[in-house]
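Asker: below are the sequence and a predicted model for it; my questions follow.
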Amino acid sequence: MDTDSNRKRQRYLTWDQYFMAVALVSAERSKDPVTQVGACIVNADNRIVGACIVNADNRIVGIGYNGMPNGCSDDDMPWGKNSKDILNTKKLYVCHAEMNAIVNKICADIRGCKMYVTLYPCNNCAKIIIQSGIKHVVYFDDKNRHKDEAKASQYMFDKAGITIRKYNSTSTQLNIGTLKSRL
Ligand SMILES: O=c1ccn([C@H]2C[C@H](O)[C@@H](COP(=O)(O)O)O2)c(=O)[nH]1
Ligand SMILES: [Zn+2]
């Protein structure tokens, strides 16, 4: 590598890679044994609102991952999904990453912002995304895209004029394992 070059470094992350990497790393905090989801919100100037500012409670404000509500210990709550008793599954309890990112925001006004999220948002997250004023969504994984919840999300996004697109991973592959091995 020519460390004496006068030219700027060429292989730096694109904005998409950078913000999706932040969301993917945030998902690594999730305790969900099946699906780990992370989200981050950026403003029109490509600035993460709440860029990993850690407050006294160790909360990264402005960024979120799927987890149990504050005060509901991860060790006491059910993380399964197949019990016949829905009250004994995570479904009614887990806070979705998109909601946590919005609740954790440090800017009062996130109208016009963009959300990077590692999973196509469900219909409930679509509602809170729309109501928060976020105008653009970039998602990484569309494993739920066939579900009615996702079809309802797309319908509401279209009606509300929210743009949503899949992260274009044809460029440098984001390898969280490599990132984690360097931490
Ligand atoms: O929009 C969404 C949809 C789902 N999640 C979280 C909620 C759960 O913790 C998992 C989904 O678990 P599965 O076992 O894959 O059903 O993903 C979210 O954060 N945002
Ligand atoms: Zn959701």
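Answerer: Nice, thanks for sending it over. What you see is a predicted model, and the numbers here were worked out from it, not measured in a lab. Ligands and ions are numbered 1, 2, ... in the order given.

Asker: any idea how far the residue nearest the centre of the chain lies from ligand 1?
Answerer: Ranked by distance to the mean C-alpha position of the chain (Cα atoms, centre = their mean), the top residue is Ala39 at 1.5 Å. Relative to ligand 1, Ala39 is positioned 8 Å away (Cβ to the nearest ligand atom, to the nearest Å). Glycine gets a C-beta too; all of them are placed from N, C-alpha and C.

Asker: same check on Lys84?
Answerer: Separation of Lys84 from ligand 1 (Cβ to the nearest ligand atom): 16 Å.

Asker: quick revisit: which phi and psi does the residue nearest to the centre of the chain have?
Answerer: Note on Ala39: backbone dihedrals following degrees, to the nearest 10 are phi -150, psi 150.

Asker: near ligand 1, anything from stretch 16-36?
Answerer: Yes - for stretch 16-36, a contact with ligand 1 is found by Cβ under 6 Å from any ligand atom, at 32, 34-35.

Asker: what about that stretch, start to end distance?
Answerer: 19 Å (Cα to Cα, to the nearest Å).

Asker: buried stuff in that stretch?
Answerer: Neighbour-count burial for stretch 16-36, counted by 16 or more other Cβ atoms under 10 Å, picks out 16-27, 30, 32, 35-36.
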